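Undergrad: Provide a 3D model corresponding to the input given below.
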Amino acid sequence: MNLLAHIYLSGQDDQVRIGNFIGDYVKGRKYRRYSPAIKKGILLHRSIDTFTDHHVVPLKVKKLLRPYYHKHAGIVVDVFYDHFLANNWSYYSQSNLADYIGHFYRILEDNFDRLPASVQRFVPVMIRKNRILSYRWMSGIEEALQVMARHTSLPEKTPYAMQVLNDHYDLINRNFQAFFPQIINHVVDGYRVDIEYCRSWNH
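TA: The predicted structure is shown next:
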């Protein structure tokens with residue numbers, strides 16, 4: 001799961017959202033330094049990643065990406081899933097997506113001093129460019145993958161990723177729709193996270 005999904009799966013508690021957002025940047029037992037709610041978010045982040053990494057449904061999309069991305073294929077799937085969450089947003093939330101993301105940006109600004117230094121370095125640019133909302137569009141996905149390739153170990157194979165997304169768009173959308181309710185149930189059952197979720201949607 002990528003940024004938008006992690007925020008959504010945090011439920012309604014702003015501090016849990018912060019913890020989930022910074023989860024990748026708090027290693028080992030350093031999560032113990034944080035408040036109970038932020039700590040819960042960090043551990044929730046780890047649980048979401050473990051559940052996703054070992055689930056058979058995302059594996060089907062990973063196989064499409066492995067010829068060029070190898071062990072990093074799951075990272076690209078996470079970004080793809082944010083695209084489909086953004087474009088299926090009304091099935092999962094009554095909130096306007098832009099307003100929802102804008103509220104989260106304000107949470108980050110109000111709690112900036114609590115963020116790890118590595119997160120503080122990229123958050124202002126992320127907010128200025130409205131990176132999370134940009135996942136709704138193909139151009140935003142392309143730019144996000146390019147940025148990740150420049151700043152992380154993700155290979156710079158963005159043209160291949162975009163070709164896979166274009167060629168298998170409906171398949172990956174259906175794959176997301178099959179998986180996302182399962183990760184919702186995982187966090188609701190395991191972490192008692194109160195998520196706004198349209199359970200009546202007929203997949």
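Undergrad: and Ile15, what does it touch?
TA: One correction, residue 15 is Gln, not Ile. With contacts defined as CB atoms under 8 Å, 6 or more residues apart in numbering, the neighbours of Gln15 are 35, 37-38, 41, 111. Yep, even glycine has a C-beta here, placed from its N, CA and C like the rest.
Undergrad: from these, list the buried ones, please.
TA: Using 16 or more other CB atoms under 10 Å as the burial test, those include 38, 41, 111 as buried.
Undergrad: give me the average confidence score over the helix or strand containing Ser47.
TA: Using DSSP states H and E, Ser47 sits in helix 36-53. Helix 36-53 shows a mean pLDDT of 95 in the predicted model.
Undergrad: how much space separates the residue nearest the centre of the chain from Met138?
TA: If you average the C-alpha coordinates of the chain and look for the closest C-alpha using CA atoms, centre = their mean, you land on Asn2, 2.0 Å from that point. Taking CB to CB, to the nearest Å as the criterion, Asn2 is separated from Met138 by 15 Å.
Undergrad: wait, what's in contact with Leu64?
TA: With the criterion set at CB under 8 Å, 6+ apart, Leu64 makes contact with 164, 168.
Undergrad: tell me the pLDDT at it?
TA: Reported pLDDT at Leu64 in the predicted model: 97.
Undergrad: can I get the one helix or strand it maps to as CSV, trimmed to CA atoms?
TA: Mapping Leu64 onto the secondary structure by DSSP H and E places it in helix 56-69. Output for helix 56-69, consisting of C-alpha atoms alone and laid out as CSV, is shown next (Å, rounded to 0.1, in the frame of the first residue of the first chain):
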residue,chain,number,x,y,z
VAL,A,56,-1.9,-13.8,-3.4
VAL,A,57,-4.0,-11.1,-5.1
PRO,A,58,-1.3,-8.4,-5.5
LEU,A,59,1.1,-11.1,-6.6
LYS,A,60,-0.8,-11.4,-9.9
VAL,A,61,0.2,-7.8,-10.8
LYS,A,62,3.7,-8.1,-9.4
LYS,A,63,4.3,-10.8,-12.0
LEU,A,64,3.6,-8.3,-14.8
LEU,A,65,6.3,-6.0,-13.4
ARG,A,66,9.0,-8.4,-12.4
PRO,A,67,10.8,-8.6,-15.7
TYR,A,68,12.2,-5.1,-15.1
TYR,A,69,11.5,-4.4,-11.4
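Undergrad: could I get the buried residue list for that helix?
TA: 57-58, 60-62, 64-65, 68-69.
Undergrad: any idea how far Gly74 is from Pro36?
TA: Separation of Pro36 from Gly74 (CB to CB) stands at 30 Å.
Undergrad: out of the two, which sits in the busier spot?
TA: When Pro36 is set against Gly74 and neighbours are counted by other CB atoms under 10 Å, the residue ahead is Gly74, at 18 against 10.
Undergrad: what element comes up after the helix or strand in which Leu85 is found heading to the C-terminus?
TA: Following DSSP H and E, the helix or strand that holds Leu85 is helix 73-87. The helix or strand immediately downstream of helix 73-87 is helix 97-110, counting by DSSP H and E.
Undergrad: thanks again, I'm all set now.
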